[in-house]
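Engineer: this is a predicted model, with the sequence first.
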Amino acid sequence: MKKSTFYLCLTAILLNITTIMLAVEPPGIFDQDNPAFGTCNNDVPPEILEVKIEPPQPKSKEKIKIISKPWVDPFKSEAEIIKTSIFYSIDGMKTWEETASAQEGEYWIAEIGPFSPGLEVNFRVVAIDSEDNMAVEIPPTVTSFPPEDNTLFSAVIDGNDVPTYFPNNVDILDVALGFDDKLVYMKMTLEAKVSPTSGKLPNLYAAGFRYPDLRKNPITWNHELTDSRIMAYIPFISKIGFFENIMDVLTGNSLGTIKHKITGNSIYISSEIEKINRDKNISTETMKKEGFKFAAATIAVDLQGINTNEEIPDLNKIIKLADCTSFSIVYPKVHTITIKE
Ligand SMILES: [Ca+2]
Ligand SMILES: [Ca+2]
Ligand SMILES: [Ca+2]
C-alpha cells in the first residue's frame, strides 16, 4: 500500500469527515461521471524549494541564470514536474515576458538578459506537474479594487468543461489571485453570467485557502479544503465573504473586512492575507514564504437541507460539486534583481 493511500484510509476512518470533495461524486443533479472534476482528487501540489540566480549580483552585459528547484513530494504524489516557467518584468511589473526553463536534474534553469545597468528586473516562478497542479509565485502589485487584470495572476488550472454536465454559470474558466501588503484579491471567472441557481438549487461559488496544509501535517488529504478558509458567494441569499470553513459559508459569519464586486461572469472578493493562516503560532510572513494551498469549486447547495433539526447537517446531502479546479501552492512574493554597472 502506498504511504499516501494509507494516510487516506487512516484519516477516513479516524475522522469520518463529510466533505465537498468526495472520491466518489455525490448523487444529485450533477451525478454523472463528471469530467469537470478533472484531477481534483490528486490534491498534492508542487512547491518551490529554492530559487537562486547566477551570478548572484549580475552586471550589465551579463546573462542571468535563474535556477529553481520545484518539487512534488514523492511520498504523497506520483506526479512529476513537467514544466517550469520564469515570468520577468523590466517595466515595474506592468508587463511580463515568459521564458521556459530547462530541466537539469532536480533543478530547472532559465536564462534572461543581459540588461542595462541600474535596471530593476522582477521575476516570478511557476511550476506545473503532470496532474496540472502548480506552484505559483504571485507578486503584490494590486493598487485598486476591483484590481486591474494585469495585477492578477492565474492561480489554478481549469478551463471550459463539457456543457452537458452542468450549466455554464458554474463552469469555472479561471481563478486569479493578487495581493498588496495586507490584502488578498480573488477573481473567479465563469463561462456564463454569475447566477443564483442551477436547476432548483442555489449556486455556491467557492475558493479555498489552506495554511498550514498537508505539507506540514501528513495526515491530511484532499478533503482538507472543506476545513479551509473559503472565499464564497451564494447569490441566492446574497451571502459573500471570507469564511472560517464550509459550514460557516452556509450558516456563519464572514471573517475580517470584505470587499466584493460582481461584474457579469466574474466575482471579485478581497480580504486580509492574515486571515488565511489557521495557526496563530505561525507569522503571516512565514506563511507568505512557505505559500498556502489553493483551489476553487462551484457547488449546488440544498439550503433547505441545512434548516433541519440536526445539529450538524450532513454536507454530503446538501452539497453537490459542479466544477473544481486543480490545486496550487501560492506564494505571495516576487524576486527582484538590480543590475550593477
Ligand atoms: Ca474543472
Ligand atoms: Ca462549458
Ligand atoms: Ca471549468
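Structural biologist: Structure received. Numbering: from 1, shown residues only. Ligands and ions are numbered 1, 2, ... in the order given.

Engineer: give the buried residues for the one helix or strand M247 maps to.
Structural biologist: Using DSSP states H and E, M247 maps to helix 246-251. Using 16 or more other Cβ atoms under 10 Å as the burial criterion, the residues of helix 246-251 that qualify are 246-250. Where you see a C-beta, it was placed from the backbone N, CA and C, and this is true even at glycine.

Engineer: now swap in stretch 181-193 and tell me
Structural biologist: Buried residues in stretch 181-193, counted by 16+ other Cβ under 10 Å: 183-191.

Engineer: dump the C-alpha coordinates for that stretch into CSV.
Structural biologist: Extracted in CSV, the C-alpha atoms of stretch 181-193 (Å, rounded to 0.1, in the frame of the first residue of the first chain):
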residue,chain,number,x,y,z
ASP,A,181,0.8,44.3,1.6
LYS,A,182,-2.2,43.4,3.6
LEU,A,183,-4.9,42.0,1.3
VAL,A,184,-5.5,39.0,-0.9
TYR,A,185,-7.7,39.6,-4.0
MET,A,186,-9.6,36.8,-5.8
LYS,A,187,-11.2,36.9,-9.2
MET,A,188,-13.2,33.9,-10.3
THR,A,189,-14.3,33.9,-14.0
LEU,A,190,-17.2,31.7,-15.1
GLU,A,191,-18.1,30.8,-18.6
ALA,A,192,-21.5,32.5,-18.3
LYS,A,193,-23.1,35.1,-16.1
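
Engineer: so that it lines up with my notes, have the first residue be 237 from now on.
Structural biologist: From this message on, residue numbering opens at 237, which makes the last subject stretch 417-429.

Engineer: the helix holding M483 - what's its average pLDDT?
Structural biologist: Regarding helix 482-487, the rounded mean pLDDT is 89.

Engineer: next SSE after that helix?
Structural biologist: Next element after helix 482-487 (DSSP H and E): strand 495-499.

Engineer: so what are the domain limits for this structure?
Structural biologist: Taking automatic domain parsing as the domain assignment, the ranges for the chain are 239-280+377-562, 283-374+569-574.

Engineer: and the shortest one, end to end?
Structural biologist: Looking back up the chat, that one is domain 283-374+569-574. 26 Å (Cα to Cα, to the nearest Å).

Engineer: up against ligand 1, what does the stretch 337-486 of the chain have?
Structural biologist: With the criterion set to Cβ under 5 Å from the ion, the stretch 337-486 of the chain comes near ligand 1 through D394.

Engineer: quick one: low-confidence parts of the stretch 337-486 of the chain?
Structural biologist: 399-401, 454-460 (pLDDT under 70).

Engineer: quick check, I512 in contact with K524.
Structural biologist: No. Counting by Cβ atoms under 8 Å, I512 stays clear of K524, with 9.6 Å between them.
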